[in-house]
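Colleague: Model the following, please.
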Amino acid sequence: MWALLTLYQLLRRTMVEAAESRPGTDPDRCGFTIALQTARDLLVCAEGVFEQGIGEIGRRVLSALSPARRTRVSTRKVKSPISRYAERKLDGRPDSSKVVTSMTITLLPPPSPEPALPATTVRENTGNGKTGSRMARVLAILQTEPERLWRAREIAELLGDVTLVATYRQLARWTERGMIKRVRTGRYTAITQTTSPLRDLRKR
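Modeller: Here you go, the predicted model:
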């Protein structure tokens, strides 16, 4: 793999040097296939290996330059030969080619760093203290927004005394016991309690 990457970089560098030897030549016009085939021929024939200048590879590349690449006039589209839909959805892209005269680039600020989680897990308090057991605290967190899909990291941040690995482990254990519900990987929610009409009548 390293040998292939080295060969690729050497050929690309040779193509750029060949284009720079002729001012005004766009390196995009140099054909990589021509450079690769020429390098293979030189290797087989053992000719021109130590030649100075752009060498045989550069001369062949310059002798068969591709036409200048046309400027992009439309956005890229995914073309499907077989489509189940009669027409493409309206997504803002032009249906016909249009000249791009300007481009707007928006730089978004980097997201704020997530708060650091504890490096070690504090021993769980299972008594009747102020904080209560960790499971009860997690159930209280999930019940604050029953419809929300909570991430394990969000729960660990609110707990403040448990590592992320320990949070995953405990959430998995409580999910197996049916205390909480895992909607998908890494997302948890509270279990909504459903009441039965027959059970309500029996209580009455």
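Colleague: does the closest residue to Thr163 other than its chain neighbours sit in a helix, a strand or a coil?
Modeller: Once flanking residues are discounted, Thr163 sits nearest to Thr121: 5.2 Å by Cβ to Cβ, 6 or more residues apart in numbering. All C-beta atoms are positioned from the backbone trio N, CA, C, and that covers glycine. Counting by DSSP: H, G, I helix; E, B strand; the rest coil, the backbone at Thr121 sits in coil.
Colleague: distance of Thr121 from Gly24?
Modeller: 66 Å (Cβ to Cβ, to the nearest Å).
Colleague: the more surrounded of those two?
Modeller: Per other Cβ atoms under 10 Å, whichever of Thr121 and Gly24 has more neighbours is Thr121, with 19 against 5.
Colleague: can you tell me how far the residue nearest to Thr163 sits from Leu164?
Modeller: 10 Å.
Colleague: Do a quick rundown of the helices in this protein.
Modeller: 2-20, 32-45, 55-63, 134-144, 152-159, 164-176, 197-203 (DSSP state H).
Colleague: on contacts alone, who are the packing partners of the second one?
Modeller: If I follow you right, that is helix 32-45. Here helix 32-45 touches helix 2-20, helix 55-63, going by 3 or more Cβ pairs under 8 Å, 6 or more residues apart in numbering; DSSP states H and E.
Colleague: Tell me which of those helices lies nearest to Ala172.
Modeller: Proximity to Ala172 (Cβ to Cβ) singles out helix 2-20 among the helices and strands packed on helix 32-45, at 41.0 Å.
Colleague: So which bits of that closest one are buried?
Modeller: Leu11, Thr14, Met15, Glu17, Ala18, Ala19 (16 or more other Cβ atoms under 10 Å).
Colleague: With respect to Gly186, which of the residues you listed is nearest?
Modeller: Using Cβ to Cβ, these come closest to Gly186 at Leu11, 44.1 Å.
Colleague: so that closest one touches Thr38, yeah?
Modeller: No - using Cβ atoms under 8 Å, Leu11 is not in contact with Thr38, being 9.1 Å away.
Colleague: where do the contact lists of these two overlap?
Modeller: The overlap between the contact sets of Leu11 and Thr38 (Cβ atoms under 8 Å, 6 or more residues apart in numbering) consists of Ile57.
Colleague: Spit out the contact partners of Pro27.
Modeller: Met15, Val16, Ala19 are the contacts of Pro27 under Cβ under 8 Å, 6+ apart.
Colleague: The first one contacts Asp28, doesn't it?
Modeller: In this case it means Met15. No - counting by Cβ under 8 Å, Met15 does not reach Asp28; the two are 9.8 Å apart.
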